[in-house]
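Asks: 3D model of this:
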Amino acid sequence: MPDAPDPAGRGGPVTRWHHVARSVGEGTEFARQLRYGDHTPQPRHPRRPFEMTFSGATVDTFGVGRVHQPAPVVAPGRTDKGQVIVVTALSGRYSLTLGRDQITGVPALLPRDCTLSADMDDVEIGLLTVEHAEIARVAEEISGLDAGEFAFTGHRPLSSAGARHIATTVGYLERTLRNEEAMANTLIRAALLHHTATSCLHSYPNTHLTGDSRGGLAAAPAAVRRAVAFIEANVHRPITISDICGAARIGPRGLQAAFRRHLGGTPTGFLRQARLDRAHADLQAADPTTGATVTEIAHRWGWASGSRFAVAYRDQYGIPPGRTLRS
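Replies: The predicted model follows:
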């Protein structure tokens, strides 16, 4: 098996690869060399021939890649200790399980050194890779907060706009990395890295920034940032205002006032919006022919009343939730 390309470091040439692995061991080792993490594919039909195709390009500390896995497999594993990956299913069936969160249908962010399991069948996935340290550095530049304290706090895009933005970024990188003349220019490369890092920062929940609709967070006090990070990491849990205040290390009255001043709302309103965003993503990803319903998804994200959910959804997205499910 040939070695996977070794990123050349800053100023080096663009490195490209195309490799077909014909055994589980070969695929596992090639993915490890690409720093996609330590994963072991477990074929559902182990007697069938195994094949896994890798292609992509990397430069400096970021890159893009694609993996095609024709056979149905489950792949438990752990991500690289220093690299952040955004994974998008381009075709086929693909779902990720991270703790209690199961993600399908949206680009998922995999922070460094996290445990996960992927379930896939005849799938092609796109991957965006960036060094965690580079994203933390850009986060510090934008927010003024310490890069050493930076972390992503969720795996799903903050909104459908965030999902579209990250997909656009991946397409732009794929096109630009093919342009040899552009990639010979160190200024263009630095701008690409900065663009990639800021796309991740504004598309996924993190300790330093959130999406553009929550731009006041960068200037908010530490207690507000702690509260937001706690909400976004625990949006699927039955958390209370007391839980949020405990994580923020501030009393309810002080937190309410800080949220109104810096984010224009309340902690419970922020939690409600985060759950609405998750419900929207699930409606987009769901297949009504398999029995998925608006009511089921509304209940999953804390709405006891389907009619109240429908009103909130229409107010936010301008269409009924059933239309999103059927589209």
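
Asks: in the stretch 151-300 of the chain, which spans are helices?
Replies: 160-177, 180-183, 186-203, 222-233, 241-248, 252-263, 267-285, 294-300 (DSSP state H, counting those that start in this stretch).

Asks: do you know which of those lies nearest residue 327?
Replies: Nearest to residue 327, of all the helices of the stretch 151-300 of the chain, is helix 267-285, at 8.0 Å by C-beta to C-beta. Heads up, the C-betas are built off the backbone N, CA and C, glycines and all.

Asks: which other helices and strands contact that closest one?
Replies: Using 3 or more C-beta pairs under 8 Å, 6 or more residues apart in numbering; DSSP states H and E, the elements in contact with helix 267-285 are helix 160-177, helix 222-233, helix 241-248, helix 252-263, helix 294-300, helix 306-317, helix 321-326.

Asks: ok, residue 273 to residue 325 distance?
Replies: Shown here: residue 273 relative to residue 325, a distance of 20 Å by C-beta to C-beta, to the nearest Å.

Asks: try residue 15
Replies: 43 Å.

Asks: with residue 250 instead?
Replies: On the measure of C-beta to C-beta, residue 250 and residue 325 end up 39 Å apart.

Asks: quick revisit: could you dump the helices and strands packed on helix 267-285 to JSON lines with mean pLDDT and mean neighbour count?
Replies: Below are the helices and strands packed on helix 267-285 laid out as JSON lines (pLDDT from 0 to 100; neighbours: other C-beta atoms under 10 Å):
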{"stretch": "helix 160-177", "mean pLDDT": "87", "mean neighbour count": "18"}
{"stretch": "helix 222-233", "mean pLDDT": "87", "mean neighbour count": "22"}
{"stretch": "helix 241-248", "mean pLDDT": "90", "mean neighbour count": "17"}
{"stretch": "helix 252-263", "mean pLDDT": "85", "mean neighbour count": "16"}
{"stretch": "helix 294-300", "mean pLDDT": "88", "mean neighbour count": "18"}
{"stretch": "helix 306-317", "mean pLDDT": "84", "mean neighbour count": "15"}
{"stretch": "helix 321-326", "mean pLDDT": "88", "mean neighbour count": "17"}
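
Asks: nearest to residue 193 among the ones you listed would be which one?
Replies: Nearest of the helices and strands packed on helix 267-285 (C-beta to C-beta): helix 160-177, 10.0 Å.

Asks: chain center to the closest one, what's the gap?
Replies: 13 Å (C-alpha atoms, centre = their mean, to the nearest Å).
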